[in-house]
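Engineer: Show me the folded form of this:
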Amino acid sequence: MIQGLILAAGRSRRFGSDKRLALIDGQAMVLYCALKWLDVMDEVLVILRSEDVELAQHLSKEGITCSHCPQSDLGMGHSLAHGVMQTAHAEGWLIGLADMPQLRASSIMAVMQAARQGQIIVPLCAGKRGHPVYFDRIFGPALMALQGNMGARILLHTHAAVIRELELNDPGVLFDVDFPQQLPFLDCTHLK
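Structural biologist: Residues are numbered from 1 along each chain as shown. Here you go, the predicted model:
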């Protein structure tokens, strides 16, 4: 079973407020994104900050499983390591971000279907790398050892020989929301 991991423990410093709660089609962005994952995956875990009790309850009411990373303030690497530790039984992990509302469910499915033993699958759009990224279970120990704010980029460098790039016609694999000004330009009519 492939485990979906959505990283949602950041502080939204550039956004100026909690972007996870920014509304898209009347839903908090983190919920909007997570429901898309649940459309195509059986196992999805959203990684939140320790204090996100109300947010976790809200997501739980929608059928979304959450885990609180006590070291999330130390960087994305800690949140990612926490998520992999919580799901160490998985055959592999499909890792994405909670601020990518334009990502299509079909792209999540395509990366998941491309998963192969011993490989890392990276989606591309117009030749540029994006998310979500698949890691086979052999990378579990390395993912669990991540720290700081680099996330899994270091593994993409050290294991370049086993990366399989998957070209997708989805600009959503590249687009994450960093600033409030980006929200009015989202065309939410075609995202689901």
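Engineer: Where does pLDDT dip in this structure?
Structural biologist: For the chain, applying pLDDT under 70 flags the ranges 184-192.
Engineer: Where do the strands of it begin and end?
Structural biologist: Assigned by DSSP state E, the strands in the chain fall at 2-7, 23-24, 27-28, 43-49, 65-69, 92-97, 120-125, 128-129, 133-136, 163-167.
Engineer: closest to R13 out of the ones you listed?
Structural biologist: strand 43-49 (13.3 Å; CB to CB). (C-beta placed from N, C-alpha, C; glycine too.)
Engineer: of the strands of the chain, which approaches D176 most closely?
Structural biologist: Of the strands of the chain, the one closest to D176 (CB to CB) turns out to be strand 92-97, at 5.7 Å.
Engineer: Partner strands of that closest one and their direction?
Structural biologist: Here strand 92-97 has these sheet partners by DSSP bridges: strand 2-7 (parallel), strand 133-136 (antiparallel).
Engineer: want to throw those strands into JSON lines with mean neighbour count and distance to L94?
Structural biologist: JSON lines is the format used below for the strands paired with strand 92-97 (neighbours: other CB atoms under 10 Å; distance: least, CB to CB, whole Å):
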{"stretch": "strand 2-7", "mean neighbour count": "24", "distance to L94": "5"}
{"stretch": "strand 133-136", "mean neighbour count": "23", "distance to L94": "5"}
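Engineer: residue at max distance from the center of this protein?
Structural biologist: For the chain, the residue at maximal distance from the C-alpha centroid (CA atoms, centre = their mean) is A161, at 23.0 Å.
Engineer: how about the helices of the protein, start to end?
Structural biologist: 29-40, 53-61, 76-86, 105-113, 140-144, 153-158 (DSSP state H).
Engineer: and of the ones you listed, who's closest to V122?
Structural biologist: Judging the helices of the chain by CB to CB, what sits closest to V122 is helix 153-158, at 7.1 Å.
Engineer: Now do that closest one: everything it contacts.
Structural biologist: I120, V122, R129, V133, F135, F139, A142, L143, L146, I163 (CB atoms under 8 Å, 6 or more residues apart in numbering).
Engineer: how distant is that helix from the center of its chain?
Structural biologist: Centroid separation for helix 153-158 versus its chain: 17 Å, with CA atoms, centre = their mean, to the nearest Å.
Engineer: Buried residues in it, which are they?
Structural biologist: L155 (16 or more other CB atoms under 10 Å).
Engineer: same thing with stretch 45-59?
Structural biologist: Buried-residue list, stretch 45-59, by 16+ other CB under 10 Å: L45, V46, I47, L48, R49, D52, L55, A56, H58, L59.
Engineer: so can I have TSV of these showing distance to L35?
Structural biologist: Output for those, formatted as TSV (distance: CB to CB, whole Å):
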residue	distance to L35
L45	14
V46	11
I47	16
L48	16
R49	20
D52	17
L55	14
A56	15
H58	12
L59	10
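Engineer: Nearest spatial neighbour of the spatially most central residue of the chain, chain-adjacent residues omitted?
Structural biologist: The centroid of the chain falls nearest to G96 when counting by CA atoms, centre = their mean (1.6 Å). Once flanking residues are discounted, G96 sits nearest to P132: 3.5 Å by CB to CB, 6 or more residues apart in numbering.
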